[in-house]
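# have a look; sequence and predicted model below, questions after that.
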Amino acid sequence: MAIIVPEEIKKILSSFEERKDAFRESELHDALRRASNTQEISQDLKNGYWVESAAFNFSELSVAESSEWGTYFGPMSGISYADGTKINIPDIKEIDQEVIDYWKKRAHETQHPVCRARYSDLVWEFTYPVTFQKAELIYAQMAIDSYVAIVELIPEETQMQCRRHLERALKLSISLNDKTRIESVKKAMFRLHDQIAEPRKIGSWTFLFDSLYDNKKVPLTDGERSKMVSSLEEMLRLSSDPAAKNNFDPWGAQAASQRLEKHYKKINKPQEAKEAILTAGKAFESIAQQADPLLAMFWLQDVYEKYKDRGFKDDALRVQKQSKEKGANVKDSMKEIVTTVQIPKEELDRFFKDLTSGNLNTALHKIAINFTPQIDKIQKSLEELRKDHPLQALIGVTTIGDANFIARAGSVEDDPEGRLRLELSQRISVSTLFLSTVLEKLKEHYSPNAAQLTDHLYQAPLFDPERRDLILDGIEAYLANDHVKTIHVLVPQIEYIFRRLLSLLDLPTNKSAGKGIMQEKNINEALADLAVKNVFSEDMRLYFLVSLAEKKGLNIRHRVSHGLMKRADFNQRISDLIINILLCLATIKEIPSPEISEKDEPKT
């Protein structure tokens, strides 16, 4: 294609090339974009506009990354369509030999290092992908030298960009095995560090250590290595001091400590490594004292894990106590979100009537089945969240309970099972509102006594005749609204039922605890057995697990067993949930023989 640069574009380029300071490539691109008026000009002039505008619009990636084209430069933006096609802006498809030749010419013409670095690096990066010919070595050398020259011109607003330029120059120099230029870039990095390093601008001082410390291709003198370490020690001192308000920054202290720990371990100074980690940790401990409880818990949890992982036992215990104290008030710092859902009374009445119609046994069976969540519907809703609200789906979820972080789940895509269990837990909690009403309607309609409800349960083989009196006691407490007794009696009996199922399947109910000791399996272990999975539908199995023994769920068994439930937690809704779990267990009318394949359908 013919390339003719419009006069207005040439003027803008000249004005930037005459500058004595450095500038961002995006600044030049914005000036070119504002001047564009390609509606009334020839195709050759449009080509001229594009070749200059695109040159300064390609995005630079970090030295550890490459674009979708396998190049250092990538598109600034892109548009993807439903049919799988994509438009990149700018796009490598628009580059041909003429564009490469034009950038070569411009690399030799311009005297400003920002422009010369960009043109020459574009030639170096795109020549082979576009023409399948190797680029001439001189363009990589010109790019390196120009990136180094920019250091002498930098104003404050381009400091961080200059750091990226030098990282690129170092990578190019190493790829060429050009020892002279490696040394030149290294010295420029030290000069830049001296110019821009500030405690609260973490990237302004970490880049030197990250680029050079472990880089075997870059020889360092003892003095240079000592200077890097001294700089980190000074940044740690300034960033960790709460009294130094202009410099105090726990994240800066953390960045310095991580690098100092690496250094001190390398030279076998464990005490200095420990002191660096503790200094940064105490900066977070300090800021957490005055922080919002939820934020403080997040910060302290990370500090606790660092101390614990490194064997700082006493320090870890101190932070653990601080986090627990903050967690006691975490509810006060959280905003309540209320959603109103309106359901017509006639619809609810019809729902309740349908579930309680027939006879007592039929109604109890229908309630059990209807209040067992349907996993496929929950999975579908999570998939809809991922498609319709992708940013929301990317955010992980943390559950707080008993003044602690008790469960975490990642994004919908990365942790689908974790998100499924969290969502299932929430739906079970909401469903108990309706479950309580249904069970109340059932009691009004049939006035069942404890013996009748127990008889219904004992139509199923899972219930042990020898435990009938305990089940009866729990149900009597339930009908008397004694929720403390109901939950304390029935939850252990449910756990026993799962072990009884193992026995009925001719499987051991115990497991090795090591050193010749055996102990009984818990709910999680029983429900994880393949033979047990064959007895229950997956809907029902996860209902049991998330309600009783899943840390991402209600975890009732754990909370009862470890005394984590307060008086108010022993309530109607939890009692109703426990009763419904018993009703679900009563739907199992046959136990498959042990040899039946796990793929066979359970009988309910």
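Perfect, thanks for sending it. Everything numeric in this text was worked out from a predicted model, so none of it was measured.

# CA only for contacts and neighbour counts going forward, please
Noted.

# so where is the stretch 301-450 of the chain shaky, pLDDT-wise?
The stretch 301-450 of the chain contains no residues with pLDDT under 70.

# and if you look at the chain?
Residues of the chain that meet the criterion pLDDT under 70 lie in 1, 37-40, 155-158, 594-604.

# got the residue ranges for the strands in this protein?
All strands of the chain, identified by DSSP state E, fall at 59-60, 73-74, 77-80, 86-89, 397-401, 404-409, 510-514, 517-520.

# tally up the residues packed near Lys552, please.
Residues near Lys552, counting by other Cα atoms under 10 Å, number 24.

# my read is that it contacts Leu420, right?
No: if you go by Cα atoms under 8 Å, Lys552 and Leu420 don't touch, sitting 9.6 Å apart.

# how close does Asp118 sit to Ala55?
Not quite, residue 118 is Arg, not Asp. Here Arg118 is placed at a distance of 7 Å from Ala55 (Cα to Cα, to the nearest Å).

# circling back to that earlier point, closest one to Val218 among the strands of the chain?
strand 59-60 (23.1 Å; Cα to Cα).

# what does that closest one rub up against?
Contacting residues not belonging to strand 59-60 are listed as Tyr72, Phe73, Gly74, Pro75, Met76 [Cα atoms under 8 Å, 6 or more residues apart in numbering].

# could you rerun that using 10 Å?
For strand 59-60, contacts defined as Cα atoms under 10 Å, 6 or more residues apart in numbering pick out 25-26, 66-67, 71-77, 89-90, 164-165, 168.

# and the residues you listed, which are buried?
With burial judged by 16 or more other Cα atoms under 10 Å, the buried subset of the contacts of strand 59-60 is Glu25, Thr71, Tyr72, Phe73, Gly74, Pro75, Ile89, Pro90, Arg164, His165, Arg168.

# picking that back up, reformat the strands of the chain as JSON lines; add distance to Glu98.
Listed next are the strands of the chain as JSON lines, based on distance: least, Cα to Cα, whole Å:
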{"stretch": "strand 59-60", "distance to Glu98": "21"}
{"stretch": "strand 73-74", "distance to Glu98": "19"}
{"stretch": "strand 77-80", "distance to Glu98": "24"}
{"stretch": "strand 86-89", "distance to Glu98": "19"}
{"stretch": "strand 397-401", "distance to Glu98": "52"}
{"stretch": "strand 404-409", "distance to Glu98": "52"}
{"stretch": "strand 510-514", "distance to Glu98": "74"}
{"stretch": "strand 517-520", "distance to Glu98": "77"}
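
# which residues touch the closest residue to Arg573 other than its chain neighbours?
Leaving aside its sequence neighbours, Arg573 sits nearest to Thr432 (Cα to Cα, 6 or more residues apart in numbering; 5.7 Å). Contact analysis of Thr432 by Cα under 10 Å, 6+ apart lists Phe371, Val438, Gln572, Arg573, Ile574, Ser575, Asp576, Leu577, Asn580.

# among these, which one lies nearest to Val560?
The closest of these, once distances to Val560 are taken by Cα to Cα, is Ile574, at 11.3 Å.

# I'd say that closest one and Arg559 touch.
No: contact criterion Cα atoms under 10 Å: Ile574 and Arg559 do not qualify, at 12.0 Å.

# which one of the two has more residues nearby?
With neighbours defined as other Cα under 10 Å, Ile574 and Arg559 compare such that Ile574 has more, 20 against 17.
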